[in-house]
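*Asks:* Generate coordinates for the sequence data below:
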Amino acid sequence: MPGLRGQRALVTGGGRGIGRAVAASLTEAGVAVTVLGRSEAPLRDTVRAREADAFIVADVTDERAVTAAIGEAGEIDILVANAGTAESAPFAKTTAAQFQRLIDVNVMGTVHTIHAVLGAMTARRTGRIVAVASTAGLKGYAYVSAYCAAKHAVVGLVRALAQETAKTGVTVNAVCPGYTDTELLRDSIAQTVGKTGRSQESILAEMLKYEPLGRLIKPAEVAAAVLYLCSPEASAINGTTLAVAGGEIG
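*Replies:* Here you go, the predicted model:
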């Protein structure tokens, strides 16, 4: 997308999975990409693979660290708030601490990063903000009540902010992937195997039971949706939730 060339982007959770795929896609489009995350090794590897230009180690739950990171990254034209985490358990066994942990990362991490860039974007009257939510932000799933609550909050945040930014030249949107072939999903499956003794194959089959596509979503497919929402051609798309879910969400 030639319209993106020369812009600067920050991708949180950019060292793995969807975040890394987004970073690579933006880099290929000519965007100068900084990836941010808690673990240095995958971030460094992303830069070494030339899928990003720079990295910053920071925890999105730490507002001061995020603000400092944005200052270090420089003027940001595109923010992809991708950092997230998931845990699974029946609601009766899901503790308040688990709810808080998922809210801190998925919701407040998104809040902190948007807070850090939105003022400058609106002052320049241009900018793209894309939050990576989930189909769990659009519907309910059993045994992930805390994750669903957090991702619903992200979707609500996006819809509210879009109303505030509608006349500023800044757009705020979300992509909502279905089950995606990432390290996070594989870790979740492994945890379920450990808790239940079921096979990975049976757990994956259960996940895909209501997935019309019949397979996991590829990170690159999510990245393509993000890339479009960041483009000049998407300037009239604001407050939307773009499901990348193979027909699971109508």
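*Asks:* ok, the nearest residue to Arg50 once chain neighbours are set aside - how many residues close by?
*Replies:* Spatial nearest neighbour of Arg50, excluding adjacent residues (C-beta to C-beta, 6 or more residues apart in numbering): Thr27 at 7.1 Å. Placement of C-beta: from N, CA and C, glycine included. Residues lying near Thr27 (other C-beta atoms under 10 Å) number 21.
*Asks:* how much space between Thr27 and Thr168?
*Replies:* For Thr27, the distance to Thr168 (C-beta to C-beta, to the nearest Å) stands at 27 Å.
*Asks:* before we move on, what about Val132?
*Replies:* Going from Val132 to Thr168 by C-beta to C-beta gives 22 Å.
*Asks:* same thing with Ala123?
*Replies:* Relative to Thr168, and taking C-beta to C-beta, Ala123 is found at 9 Å.
*Asks:* more crowded one of those two?
*Replies:* When Ala123 and Thr168 are compared for neighbours, Thr168 comes out ahead with 15 against 11, by other C-beta under 10 Å.
*Asks:* ok, that one - contacts?
*Replies:* Met121, Thr122, Arg125 (C-beta atoms under 8 Å, 6 or more residues apart in numbering).
*Asks:* Which residue, other than its chain neighbours, is closest to the second one?
*Replies:* Leaving out its chain neighbours, the residue that sits closest to Thr122 by C-beta to C-beta, 6+ apart is Thr168, at 4.5 Å.
*Asks:* correct me, but the residue nearest to Arg50 touches Asp53?
*Replies:* Yes. The pair Thr27 and Asp53 qualifies as a contact (C-beta atoms under 8 Å) at a distance of 7.1 Å.
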